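J.: With the sequence up front, the predicted model follows.
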Amino acid sequence: QTALPNAKIAVGANRFATITAAVDRDPSIGVVILDDAFQHREIVADYNILLTEYDNLYCDDFFFPTGDLRDERKSAKRANIIVVTKCPLDMTEADKAEVLEKLYPEQHQSVFFTAITYETPYHIYNPSDQWVLTMRDEVLLVCGIANPIPLKNYLHENTHTYYQLSYSDHHIFSIEDLNEMRNKFEQINAKSKLILTTEKDAVRLVKYTNELNDMALYVLPI
């Protein structure tokens with residue numbers, strides 16, 4: 001909501017019913033964007049964007065639970081655009097050609113290569129309070145995301161050291177989790193230390209004002 005202040009966000013177990021209710025409530029809605037909906041057949045999308053990780057291309061993957069796929073590989077033909085995510089920043093044309101050969105896109109499909117970059121961390125309750133990471137900093141990383149490897153690599157290269165409290169993707173934080181966070185942070189014996197979390201996790205942490213407002217909890221923008 002912070003990144004897209006003019007967008008309306010609707011949440012519901014039944015996507016069709018949720019969209020119908022949202023449009024009924026506001027007929028001016030002109031575009032509906034669904035997240036993680038490529039495998040849903042009840043709603044026929046006008047445009048399909050398929051994301052696939054550079055180190056875990058769908059063409060090399062398997063059905064859940066062996067792999068991450070929730071649909072057949074051949075369903076990729078339905079995509080209008082294929083976005084290869086988390087590519088290395090020093091990716092060469094030869095690297096791109098190798099990926100394209102594996103994906104073997106249809107004639108109507110466009111393929112884009114994207115990479116992650118991180119901006120300056122900001123305090124969860126005061127965005128103007130920023131912390132520029134240096135090699136003196138020791139970081140407690142608190143995150144519940146599916147693939148934290150790029151984030152861990154970034155901290156490895158830009159801080160003195162980091163410690164990690166890992167949670168499952170979409171984890172709902174509890175008071176017990178916050179106590180664990182505080183205890184772990186207090187055990188770090190460094191003059192320059194902070195707790196770092198992702199924007200995705202910050203949405204689920206920000207409500208704990210009383211428990212967190214005295215902690216050096218910063219959010220890493222992506």
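T.: In hand now; what should we look at? Numbers count the residues shown, from 1 in each chain.
J.: Can you tell me the element the residue nearest to Val11 when sequence neighbours are not counted falls in?
T.: Counting by CB to CB, 6 or more residues apart in numbering, the nearest residue to Val11 once its immediate chain neighbours are dropped is Thr18, at 7.1 Å. No exception for glycine: its C-beta is placed from N, CA and C like everyone else's. Per DSSP states H and E, Thr18 falls inside helix 15-25.
J.: any idea of the mean pLDDT for that helix?
T.: Averaging pLDDT along helix 15-25 gives 92.
J.: Pull out the buried positions in that helix.
T.: Within helix 15-25, the residues scored as buried using 16 or more other CB atoms under 10 Å are 19, 22.
J.: List the buried residues in the following helix or strand past it.
T.: Once helix 15-25 ends, the next helix or strand along the chain (criterion: DSSP H and E) is strand 49-53. Neighbour-count burial for strand 49-53 flags 50-53 (criterion: 16+ other CB under 10 Å).
J.: Please apply the same query to stretch 151-170.
T.: Neighbour counts using 16+ other CB under 10 Å place 151, 154-155, 159, 162-163, 165 of stretch 151-170 among the buried residues.
J.: One more: stretch 100-119?
T.: 103, 109, 111, 113.
J.: tell me the contacts of the last one?
T.: By that I understand Phe113. Residues in contact with Phe113 (CB atoms under 8 Å, 6 or more residues apart in numbering) are 54, 84, 87, 91, 96, 99.
J.: One more: Leu51?
T.: Counted by CB under 8 Å, 6+ apart, Leu51 has contacts 83, 85.
J.: re the thing from before, from the buried residues of stretch 100-119, which two are the most distant?
T.: Across the buried residues of stretch 100-119, the longest distance by CB to CB is 13.7 Å; it joins Gln109 and Phe113.
J.: Need the contact partners of stretch 38-50.
T.: Residues outside stretch 38-50 that contact it (CB under 8 Å, 6+ apart): 15-16, 19, 34, 37, 58, 70-71, 75-76, 78-83.
J.: which of the residues you listed lies closest to Ala190?
T.: Looking across the contacts of stretch 38-50 and measuring by CB to CB, the closest to Ala190 is Val83, at 38.5 Å.
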